[in-house]
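>>> The sequence and its predicted three-dimensional model are supplied below.
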Amino acid sequence: MLADVRAGLLAYPRQIPSKYFYDEYGSQLFDEITRLPEYYPTRAERALLAEAANSIIAAALPATLTELGAGSSDKTRLLLNEMLRVRTGDVTYIPVDVSADFLKASAQRLRSEYPTLCIIPVAADFSTQFLLPAHPAPALHAFLGSTIGNFTPPQAIELLLGVRARMTVADYFLVGVDLRKDPALIARAYNDSRGVTAAFNRNVLSVVNDALGANFNLTAFEHNAVYDATSHRIEMRLISTVQQRVSIPGIGNIGFSVGDAILTELSYKYDRDQVTHLLASGGLALRDWFTDDEQMFALALATT
């Protein structure tokens, strides 16, 4: 984290990687965001999974489900339910998440709900290379929640190449993508009226304070999220509201003028052609495409 924060805050524009939103409190806040009326992606993806789960599982026939950025595994239950319905043997679930405490609590809840399910949680930064534990084959590797949109195209390709390296020829990959639509609708999803997204955004500073001993004043930064129609992406920032200096051990003092920004998240929106190209660049081939009638969200199913 120290290396990432040093590189990000000494760069221009300044930035902090979005993976540092997710301590236990940040994961709880994001879980709350997914239930906000303005935040359409989770509802759209859940409805799509409910409709397509049988087709996805029938195609992949997985004995194992691995999930990057599993969080609370809420929507994942739709896939697990279908796997448990159609498979006669054991079913394994490997949730991967950067927040170890939140992951542990989620796994405990799942074990009480699914006593026959083998659950092997893996605390890891899925944007880096990591090893999966031994598991029954074949596997369905899932990356839900449109989280792939938080990566620039080159970063997304690198991530997909990592997924491809962990797959066998019989495995499938499922990714959720937020589709291009009315920019105003997209912008509202990241500027909710209750301010939950704003609190989530500021929490990255709290994570840096706790982990690195920094002294960011969270109240001295305001949440900002705008949609760039040219790049088809949300850009989320924290804007300094006062002239201030922040001390970070191992980095030093960082000065902020009024209006200075820290980029905290990008969220790219896709169409089918771009997803096909992205998958191909990561060594994967699009096999099936599921979307809703309003073209809000899509699930792409791919193979090696």
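Okay, I see it.
>>> The closest residue to Ala58 other than its chain neighbours: how many residues sit nearby?
Of all residues not flanking Ala58 in the chain, Val86 sits nearest, at 7.3 Å (Cβ to Cβ, 6 or more residues apart in numbering). In this view, the C-beta of every residue, glycine as well, is placed from N, C-alpha and C. Here the number of neighbours of Val86 (other Cβ atoms under 10 Å) works out to 13.
>>> can you map out the strands along the stretch 51-200 of the chain?
Ranges of strands within the stretch 51-200 of the chain are 64-68, 92-97, 118-119, 122-123, 139-143, 172-178, based on DSSP state E, counting those that start in this stretch.
>>> Pull the contacting residues for Asp260.
By Cβ atoms under 8 Å, 6 or more residues apart in numbering, Asp260 lies in contact with Arg14, Ile239, Ser240.
>>> Nearest spatial neighbour of Leu160, chain-adjacent residues omitted?
Of all residues not flanking Leu160 in the chain, Gly282 sits nearest, at 2.5 Å (Cβ to Cβ, 6+ apart).
>>> for the protein, which spans come out with low pLDDT?
By pLDDT under 70, the chain has no low-scoring segment.
>>> ok, the spatially most central residue of it - contacts?
Nearest to the mean C-alpha position of the chain, by Cα atoms, centre = their mean, lies Thr147 at 3.2 Å. For Thr147, the contact set (Cβ under 8 Å, 6+ apart) comprises Leu68, Gly69, Gly176.
>>> Go ahead and confirm the first one touches Thr76.
Read that as Leu68. No: using Cβ atoms under 8 Å, Leu68 is not in contact with Thr76; the gap is 11.1 Å.
>>> between these two, what contacts are shared?
Ala142.
>>> Same drill for those two, tell me which one is more crowded.
Using other Cβ under 10 Å, the more surrounded residue of Leu68 and Thr76 is Leu68, with 25 against 21.
>>> So what pairs up with the more buried one in the strands?
Judged by DSSP bridges, the bridge partners of Leu68 are Val96.
>>> how close does it sit to Asn217?
Leu68 is 33 Å from Asn217, where distance means Cβ to Cβ, to the nearest Å.
>>> picking up where we left off before, could you dump the contacts of Thr147 into a markdown table with distance to Tyr93 added?
Output for the contacts of Thr147, formatted as a markdown table (distance: Cβ to Cβ, whole Å):
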| residue | distance to Tyr93 |
| --- | --- |
| Leu68 | 13 |
| Gly69 | 14 |
| Gly176 | 17 |
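>>> Leu10: which of those is nearest?
Closest to Leu10 out of the contacts of Thr147 is Gly69 (27.5 Å), distances taken as Cβ to Cβ.
>>> Count the residues that sit near the closest one.
Counted with other Cβ under 10 Å, the neighbours of Gly69 add up to 22.
>>> what sits against it?
Counting by Cβ under 8 Å, 6+ apart, Gly69 makes contact with Val96, Asp97, Val98, Phe126, Phe143, Leu144, Gly145, Thr147.
>>> hmm, 10 Å instead?
Gly69 is in contact with 19, 22, 27, 30, 95-99, 126-127, 142-145, 147-148, 150, counting by Cβ atoms under 10 Å, 6 or more residues apart in numbering.
>>> And for Leu238?
Counting by Cβ under 10 Å, 6+ apart, Leu238 touches 14, 16, 198, 201-202, 204-205, 216, 218, 220-224, 256, 260-264.
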